[in-house]
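Chemist: Coordinates for the following, if possible.
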Amino acid sequence: MAKHSKGKHVASSVKGGNAAEQASVSAEIADSKDVEAAKESGLASQSEEPKNSEKVENADAPAVDAPEQAVEFAASSADAPADAPAVDAPAGTPAGTPAGTSANTSVSSPAQPDRGVSPSSEAAQGKRHNLRTALIASACVVVVLGGLYLGGVALFSTHFMPNTNVAGIDFSLKTPQDMQATLDNTLANHTFSVVGKGLNFKVSSEDVGLTSDNAAVAQDIISKENPWMWPVEIFNQHDCTDSFTESMHADGLDAVVSSQLEVVNADAVQPTNATIAFDEGENKFVCVEEIKGTAIDADALKNTILEGLLHLEDKITLTDAVLVQPTILVDDPRVQAAADQANEYVKAEFDVVMSDTPVVHVDPKLTSQWVSVSPELEVGFDEAALSAWAADVASACNTVGSKRTYTRPDGKQITVSGGTYGWKIDRDALVTQVTEAVKAGSTQPLTVPVLQSGTGFNGLGGQDWGSRYIDVDLSEQYARFYDNGSLIWESVIVSGNPNKGKSTPTGVYSANQKASPTVLRGRIQSDGKPEYESPVKYWMPFIGNSVGFHDASWQSAYGGGRYLTNGSRGCINLPYNAAESLYGIIKTGDVVVVHG
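Modeler: Modelled structure (predicted):
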C-alpha cells in the first residue's frame with residue numbers, strides 16, 4: 001500500500017542519513033502535525049475513510065500511529081548530539097524502519113488527526129492570551145487617567161475652573177492673584193451714568209466711595225471650588241458675582257442719591273393706593289385702581305444703582321421699579337372685600353319726616369358719606385359724619401325762633417322770626433335712629449324725634465304751624481283768627497307802645513292758658529308793691545303770664561296809630577266784646593303769630 005511505502009521510505013531515509021538529516025525529517029513531520037491541527041475539522045473527516053479501510057499486513061504486529069512515531073523520533077533525534085553515532089535497527093528489521101521500531105509495526109495514515117492536543121485546549125489558550133492582553137491595556141489606561149486626574153486636582157487647587165466669571169469678567173484658569181489685580185484695577189477706573197425717570201447724571205466709583213476686599217473675594221471663590229470634582233465642574237458655569245457683591249461697599253451713594261432726588265421729587269406726583277369710592281352712576285361702592293405717580297423712591301434708586309455697580313455696568317437705565325410704589329393694588333382681595341362691606345351701608349333709602357312732611361331724603365349717595373374707609377381698607381360707619389349731618393338737619397328743623405315765610409289766607413306774604421313756638425329736634429336720638437335704619441337697610445319713613453313739636457310743618461323755612469292760628473299784624477293794628485283757612489274772628493287792637501320801649505314782641509307763640517276774671521300786676525317794686533294792678537275780665541296769655549290778649553276798659557279807641565301814644569306795656573288790648581268772643585274760642589296751644 002502507498003501509505004506503508006511512504007513510511008518505509010521515511011524510515012529508510014532516517015536510517016541511511018546522519019543525525020542532522022534525522023532532525024530535518026523530524027521537523028517536517030512536526031510541521032505536518034501543526035498543519036493537520038489547524039485544519040482539524042477538514043482533515044479529520046478526510047482521514048477517517050482511509051483509516052477504516054486500511055489493512056494491517058502483519059496481523060500479529062501492533063498498529064503504530066505514524067505521526068506519533070514521527071514526534072517521538074523527532075524528539076529523540078533533536079535531543080541527540082549532532083555527532084552521535086547512528087543506532088542500528090535490530091536484526092530482522094525491514095529496511096527503512098526507524099531504530100527502536102519493530103519490523104512488523106504497522107504505520108498509520110499521515111491524515112490521522114493528532115490526539116496529543118485537542119482543539120478545545122487551543123481555544124482556551126487563545127482566550128487566556130487575549131484576556132492577559134486586555135488587562136495589561138486596561139492597567140495602562142488607568143495609570144494614564146489617574147495621572148491626568150491628579151494633575152487636574154493639583155491645577156484646580158490653585159486656579160479657577162473654566163467658565164468662572166465675576167461681574168461678566170472671565171477668570172477661567174486664572175489664579176486668585178490674577179482675579180484680585182483685575183478687580184482692583186476695574187473698580188479704581190469705573191465710571192457710569194444714570195438715566196431715566198427725570199434723572200441724568202454721571203458718577204465715578206470714587207464719587208460713591210466704591211470699595212471691595214478683592215483679595216478676600218478671590219480666596220472665597222476658590223475655597224468654594226471642589227478640585228476633586230474637576231472632571232464635572234469644568235463643564236459647568238461658575239458665576240461668582242455674588243461673592244464680589246457681598247464684599248462691595250458704596251459709602252458715598254446715599255449722598256449722591258439724596259442730592260439728585262431733592263430736585264426731581266420736588267414736583268413729582270406721589271402714588272395713590274387702590275381704594276374704593278362711591279359711584280353715583282352705579283349707586284354703589286366700586287374698586288378704584290392704584291396710581292403709580294412719578295416720585296422716585298430713594299431706597300429703590302440706591303438698590304438699582306448698586307446692582308448696576310455690582311455688575312460694573314457703564315449705563316444704568318431706570319425703570320418704573322424705582323418709583324414710589326403703591327402698597328395696595330386693585331387686585332388685592334382686600335379691595336373687593338371693602339367694597340362689599342361698604343355696600344351693606346348703602347342699601348337703605350328712606351324719608352325723614354316731620355308732621356308727615358318729608359324733611360330730608362336718605363339715599364345711597366347720602367349714606368356713602370357716612371362710610372369710612374381707612375388707608376388699610378378697614379370699613380366702618382362714621383358716626384361723626386352722621387352727627388354732623390344730624391346737626392344740620394336739626395338746625396334746619398329746629399323752627400323755634402327761626403325765620404319763616406308764609407302767605408296769609410287773605411294773600412299777604414309775611415316773614416316772621418322769633419318766639420317760643422316751633423319744633424325742637426332731639427339730635428342725639430336722630431343720630432341713633434338714622435344709624436340703625438341705615439345699618440338695617442331700611443326703606444320705611446323715619447319720623448324725626450323731637451323734644452318739642454308744633455302743630456304742622458310745610459317745609460324748612462316755611463309755615464311750621466297748622467291752619468288754625470291767630471295772626472296779629474302790628475303794622476295794621478289788627479288781629480285775625482283763622483281755622484282751616486277760614487276767618488273765625490277778627491278785631492282792631494292796641495299793641496305795646498314802642499315809644500316807651502314797650503313794643504309787643506314779634507314771633508310765633510302759642511296760647512298757654514286763659515283766665516276770667518283776673519288782675520294783671522306789674523313787677524314788684526322796692527316797697528313790695530307791684531308796679532301796677534289792672535283788673536280784667538278776660539285774660540289769654542301767650543308769652544309766659546306777662547303778655548297776652550285781654551280786654552282794656554281804659555282804652556277809648558283802638559286801631560290806627562293810637563299804640564304810638566297810648567299803647568300798652570306789651571299786651572294786645574281788645575275791645576270788651578272782641579275779648580269776650582275770643583275767650584270763647586281760643587284754646588291752650590293755639591298758635592299766635594305776631595309780626596310787623
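
Chemist: Helices along the stretch 51-200 of the chain, start to end?
Modeler: 66-79, 119-155, 176-188 (DSSP state H, counting those that start in this stretch).

Chemist: typo on my end, the stretch 401-550 of the chain
Modeler: Under the criterion DSSP H, counting those that start in this stretch, the stretch 401-550 of the chain contains helices at 427-439.

Chemist: How about residue 507: what's its closest non-neighbour residue?
Modeler: Closest residue to residue 507 apart from its sequence neighbours, by CB to CB, 6 or more residues apart in numbering: residue 419 at 2.7 Å. Heads up, the C-betas are built off the backbone N, CA and C, glycines and all.

Chemist: State the distance from the one you found to residue 464.
Modeler: Separation of residue 419 from residue 464 (CB to CB, to the nearest Å) stands at 11 Å.

Chemist: For the two, work out which one has more neighbours and name it.
Modeler: Taking other CB atoms under 10 Å, residue 419 and residue 464 do not tie; residue 464 has more neighbours (27 against 24).

Chemist: do you know how far the more buried one is from residue 547?
Modeler: Noted for residue 464: a distance of 21 Å to residue 547, by CB to CB.

Chemist: Also residue 517?
Modeler: Residue 517 is 18 Å from residue 547, where distance means CB to CB.

Chemist: Tell me which helix or strand residue 353 sits in.
Modeler: Following DSSP states H and E, the helix or strand that holds residue 353 is strand 350-354.

Chemist: Just the angle for that strand relative to helix 427-439, thanks.
Modeler: Between strand 350-354 and helix 427-439, the angle formed by their directions is 160 degrees, by axes from the mean of the first three to the mean of the last three CA atoms, to 10 degrees.

Chemist: In a markdown table: the helices of the stretch 51-200 of the chain, plus distance to residue 330, mean neighbour count and mean pLDDT.
Modeler: Converted to a markdown table, the helices of the stretch 51-200 of the chain look like this (distance: least, CB to CB, whole Å; neighbours: other CB atoms under 10 Å; pLDDT from 0 to 100):
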| stretch | distance to residue 330 | mean neighbour count | mean pLDDT |
| --- | --- | --- | --- |
| helix 66-79 | 108 | 18 | 40 |
| helix 119-155 | 58 | 11 | 86 |
| helix 176-188 | 44 | 17 | 91 |
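
Chemist: Could I get those helices in a markdown table, plus columns for distance to residue 233?
Modeler: Conversion of the helices of the stretch 51-200 of the chain to a markdown table gives the following (distance: least, CB to CB, whole Å):
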| stretch | distance to residue 233 |
| --- | --- |
| helix 66-79 | 66 |
| helix 119-155 | 10 |
| helix 176-188 | 17 |
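
Chemist: right, and the ones you listed - which one's nearest residue 423?
Modeler: Residue 423 sits nearest to helix 176-188 of all the helices of the stretch 51-200 of the chain, at 83.8 Å, using CB to CB.

Chemist: what residues does the closest one touch?
Modeler: For helix 176-188, contacts defined as CB atoms under 8 Å, 6 or more residues apart in numbering pick out 160, 166-167, 169, 171, 174, 205, 210-212, 214-215, 217-219, 221-222, 244, 312.

Chemist: Weed out the non-buried ones from these.
Modeler: By neighbour count, with 16 or more other CB atoms under 10 Å, those hold 160, 166-167, 171, 174, 205, 210, 212, 214-215, 217-218, 221-222, 244, 312 as buried.

Chemist: between these, which is nearest residue 568?
Modeler: residue 210 (100.2 Å).
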